[in-house]
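K.L.:
Predicted structure and sequence below. I'll ask about it afterward.
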Amino acid sequence: MSADNIRAGYNFAYLDEQTKRMIRRALLKAVAIPGYQVPFGGREMPMPYGWGTGGMQVTAAIIGADDCLKVIDQGADDTTNAVSIRAFFRDLTGVATTERTEEASLIQTRHRIPEKALKEDQILVYQVPIPEPLRFIEPSEVETRKMHELEDYGVMHIKLYEDIAQFGHIATSYAYPVRVNGRYVMDPSPIPKFDNPKMHQSPALQLFGAGREKRIYAIPPYTDVRSLDFEDHPFEVQRWEASCAICGSRDSFLDEVIMDDKGGHEFICSDTDYCRTRMAEQGEIA
Amino acid sequence: MTAKPLLQVRDVTKLYAAGKGCANVSFDLYPGEVLGIVGESGSGKSTLLSCLSARLAPDQGSIHYVNAEGEQLDLYGLSESRQRLLQRTEWGIVHQHARDGLRMGVSGGANIGERLMATGERHYGDLRATAERWMADVELDIDRIDDKPTTYSGGMQQRLQIARNLVTHPRLVFMDEPAGGLDVSVQARLLDLLRRLVTELGLAVVIVTHDLAVARLLAQRLIVMRRGQVVETGLTDQVLDDPQHAYTQLLVSSVLTP
Ligand SMILES: Nc1ncnc2c1ncn2[C@@H]1O[C@H](COP(=O)(O)OP(=O)(O)OP(=O)(O)O)[C@@H](O)[C@H]1O
Ligand SMILES: [Mg+2]
Ligand SMILES: [Zn+2]
């Protein structure tokens, strides 16, 4: 599409070129040091923190006129948040948008990694609320930086130890900590641990933006990403007894939904595009 | 003695102001030896202990430590990461206030396991068993293993701190008033425990105390400090039974005449 489609009076993708360059420099550093949190001079976006401003700044810094953008929130393209972020970038860049995972060159996400395996020419941008995985035990920023520097990560296993001591198993199921490239411990943002294995050796570039704390971090393509665990309590992903009530999938992350006002409930795919694609395929076969 | 000293301290000086801190402190500490640092409040004991344990760089002087591999290390020539590694493997640091030495937000078991996890232990069952063994060893009720130290009494917190430090079998332990602020009967029990562990494990210890009775019970050798200066050193019995310096005489007599 042409630049004529951009809302009058605004710069391409909202941010000024100097800010974009600054964010790109932080991104390059983040890619060079996988899992390391790079501070950046975050800018105000026309949305409050908590609405994905960190991810939006990253997207704004890297989006080009030829990109095809997909935005998901909890796996769905049609939530209010996803719709408004998608509309924002459509209005301010004129780029094509899509709900199809395989069509997108750039995917901004909150809470999920698409079920369909990503490819080399795709970039996944995560919206991150709390970037620091050590924060739960160490409130001081100076100290957590030091701990990362010194690979002083014993405390990460304390959390898992406490889980097992309390619940008999590792109960942490979201924002499950990982070690990136055998070096930095990283918070993968509040994705379910179900999605953790998808980060490992992914052909796609993964970028993380935290707006409030002004941090950027990254996982370059084909990087080792290991979920922390114990030998006798190995990392496991969520599993369901049920299958998707719509497409019948047994392999995807399922959300529980209330079906009627009598309290009946079913499980359906959280990734709406995945579910729809499966239905379409089944339709073709039938 | 014929063994090589574990710690060689030469002219260590850290002064905040004249007479405030420690000045020109020199001594050797041998493997398995317990050295007491005594002196009135403000005499510089904690300042010296912080210097010795690589937590406070001295203004002058040097401290050398011989590690388990027999290498002689210049403490303040080491990178901070190697200093921390020493602190959580070959050393222990028992703080005067348990809250400075414990993680109050996680369970007793996790407190004991932390050093092991930090040094690569990845088996929950083993961690658990080790924590239980240490709870028993420091006379803590194993049923309290999953409780947070905030629910422990002061004496229990100190014993937890000791277990948390000793779990990696350190060679050298620094203690700052480990029995300070505890009731007399609780203190006695803690001191008994410390004495037993020190002997059983063959630990070298530098223990700071302003309590001469504690020094008498635990330390083989004493350093007496006053206004940042070492005024007297020697075998504990000699120093306490026949003090040479007027200040030490005063300290001893104040114990004898309550
Ligand atoms: N960080 C600091 N800044 C300035 N002065 C300090 C600092 N730490 C200690 N001092 C001063 O240095 C002197 C020695 O303090 P230190 O804590 O070493 O004494 P101490 O022998 O351990 O005393 P106590 O028995 O009360 O614990 C005191 O006068 C103290 O006020
Ligand atoms: Mg002190
Ligand atoms: Zn489905």
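P.N.:
Happy to help now that I have it. Numbering: from 1, shown residues only, chains lettered A, B, ... in the order given. Ligands and ions are numbered 1, 2, ... in the order given.

K.L.:
In space, what's closest to residue 204 - neighbours in sequence excluded?
P.N.:
No chain in the question, so chain A it is. Using Cβ to Cβ, 6 or more residues apart in numbering or on different chains and skipping the chain neighbours, the partner closest in space to A:Ala204 is A:Leu118 (3.6 Å). All C-beta spots, glycine's among them, are computed from the backbone N, C-alpha and C.

K.L.:
Not quite, go with chain B.
P.N.:
The shortest distance from B:Ala204 to any non-neighbouring residue, by Cβ to Cβ, 6+ apart, is to B:Leu172 (4.7 Å).

K.L.:
what's the distance between the one you found and B:Leu250?
P.N.:
Distance, B:Leu172 to B:Leu250, by Cβ to Cβ, to the nearest Å: 31 Å.

K.L.:
These two: who's more crowded?
P.N.:
Between B:Leu172 and B:Leu250, counted using other Cβ atoms under 10 Å in any protein chain shown, B:Leu172 has the larger neighbour count: 23 against 12.

K.L.:
The more buried one contacts B:Gly92, correct?
P.N.:
Yes - with contacts counted by Cβ atoms under 8 Å, B:Leu172 reaches B:Gly92, the gap being 7.5 Å.

K.L.:
which residues does the residue in the stretch 151-258 of chain B positioned nearest to chain A contact?
P.N.:
Going by Cβ to the nearest Cβ, chain A is nearest to B:Thr168 of the stretch 151-258 of chain B, at 11.0 Å. Going by Cβ atoms under 8 Å, 6 or more residues apart in numbering or on different chains, B:Thr168 touches B:Arg88, B:Thr89, B:Gly92, B:Arg115, B:Leu116, B:Thr119.

K.L.:
And for A:Cys269?
P.N.:
Taking Cβ under 8 Å, 6+ apart, we find A:Cys269 in contact with A:Gly75, A:Glu115, A:Cys244, A:Ile246, A:Cys247, A:Ser249, A:Ser252, A:Phe253, A:Leu254, A:Asp255, A:Cys275, A:Arg278.

K.L.:
Most neighbours among these, please name it.
P.N.:
In terms of neighbours by other Cβ under 10 Å, the contacts of A:Cys269 top out with A:Gly75 at 27 neighbours.

K.L.:
element containing the closest residue to B:Asn165 other than its chain neighbours?
P.N.:
Of all residues not flanking B:Asn165 in the chain, B:Gly92 sits nearest, at 3.2 Å (Cβ to Cβ, 6+ apart). Using DSSP states H and E, B:Gly92 maps to strand B:91-94.

K.L.:
CA atoms of that strand as PDB?
P.N.:
Below are the C-alpha coordinates for strand B:91-94, written out as PDB (Å, rounded to 0.1, in the frame of the first residue of the first chain):
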ATOM      1  CA  TRP B  91      32.600 -19.500  53.100                       C
ATOM      2  CA  GLY B  92      29.700 -18.900  55.300                       C
ATOM      3  CA  ILE B  93      28.500 -15.600  56.700                       C
ATOM      4  CA  VAL B  94      26.200 -15.500  59.700                       C
END
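
K.L.:
Check which helices and strands the helix or strand following it sits against.
P.N.:
Counting by DSSP H and E, the next helix or strand C-terminal to strand B:91-94 is helix B:98-101. Packed against helix B:98-101 by the contact rule (3 or more Cβ pairs under 8 Å, 6 or more residues apart in numbering or on different chains; DSSP states H and E) you find helix B:154-166.
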